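>>> no FASTA, just this:
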């Protein structure tokens, strides 16, 4: 065989030309993909309501100034609520309320509360109404000889406090600002 018989009849492009064309084709596909992606409609932004808008919508849903239904305090029959520890499952309390003879009486008896520095802190009980939101301080819990903590609160004459169904016990500094602190100890409802 002669050397001419092994000659190639077609000539191929150099490797760098083939690689360059492939890179250009990939770049073109990338640019087309980005253009298609950008043309798509942007996702709709979720409309976040302000606090005033939320309160306004709730007021409209409940019929303006109409109040929530009230569950009356049983007259002359003590009602009991179990209070559970917010952070500590070992603490608990029993809250009672009764309306009789035009007088509202509320008591809390707690067990398992840790001792505190009574010169700086106190356990404070609260009655809370959810709607419209309001709270009443019902006084400091007193440390009893048997290790329990308790308090008795008598409301204003003739007032039933029907809407105040939540009970909260907080740990407050002695010079607290007449608002419940975030340091909640016990919580429950009638």
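Sure, I can see it. Predicted, not measured: the structure shown is a model, and the values here were computed from it.

>>> okay, buried residues for the longest helix along the chain please.
The longest helix of the chain (DSSP state H) is helix 15-39. Neighbour counts over helix 15-39 (16 or more other C-beta atoms under 10 Å) mark no residue as buried. All C-beta spots, glycine's among them, are computed from the backbone N, C-alpha and C.

>>> low-scoring stretches of this protein, by residue?
1-12, 40-74 (pLDDT under 70).

>>> quick one, helices of it?
Using DSSP H, helices in the chain cover 15-39, 51-61.

>>> residues near the nearest residue to residue 148 once chain neighbours are set aside, how many?
Setting aside the residues directly before and after it, residue 148 is nearest to residue 111 in space (C-beta to C-beta, 6 or more residues apart in numbering), at 5.2 Å. Residues lying near residue 111 (other C-beta atoms under 10 Å) number 15.

>>> again with the one 4 residues further on
Residues lying near residue 115 (other C-beta under 10 Å) number 8.

>>> residue 168 too?
By other C-beta under 10 Å, the residues close to residue 168 number 22.

>>> who is the residue nearest to it when sequence neighbours are not counted paired with across the strands?
Nearest residue to residue 168 in three dimensions, chain neighbours excluded: residue 126, at 4.4 Å (C-beta to C-beta, 6+ apart). In this entry, residue 126 is beta-bridged to residue 137, residue 168, by DSSP bridges.

>>> roughly how far does residue 172 sit from residue 124?
From residue 172 over to residue 124 the distance is 4 Å, taken as C-beta to C-beta, to the nearest Å.

>>> what's the overlap in contacts for those two?
Counting by C-beta atoms under 8 Å, 6 or more residues apart in numbering, the contacts common to residue 172 and residue 124 are residue 180.

>>> these two: which is more packed in?
Between residue 172 and residue 124, counting by other C-beta under 10 Å, residue 124 is the more crowded of the two (23 against 20).

>>> state the phi and psi torsions of residue 158.
Reported as degrees, to the nearest 10, the phi and psi values for residue 158 are phi 90, psi -20.

>>> what does the one 3 residues further on give?
Backbone geometry at residue 161, expressed as degrees, to the nearest 10, gives phi 60, psi 40.

>>> wait, doesn't it sit right on residue 98?
No. Applying C-beta atoms under 8 Å as the test, residue 161 and residue 98 come out as separate, 10.9 Å apart.

>>> let me see the ranges of the strands in the protein.
79-85, 92-100, 103-111, 121-129, 134-140, 142-143, 149-154, 166-173, 184-189 (DSSP state E).

>>> JSON lines for those strands, including distance to residue 21?
JSON lines is the format used below for the strands of the chain (distance: least, C-beta to C-beta, whole Å):
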{"stretch": "strand 79-85", "distance to residue 21": "74"}
{"stretch": "strand 92-100", "distance to residue 21": "79"}
{"stretch": "strand 103-111", "distance to residue 21": "83"}
{"stretch": "strand 121-129", "distance to residue 21": "76"}
{"stretch": "strand 134-140", "distance to residue 21": "77"}
{"stretch": "strand 142-143", "distance to residue 21": "88"}
{"stretch": "strand 149-154", "distance to residue 21": "85"}
{"stretch": "strand 166-173", "distance to residue 21": "75"}
{"stretch": "strand 184-189", "distance to residue 21": "71"}
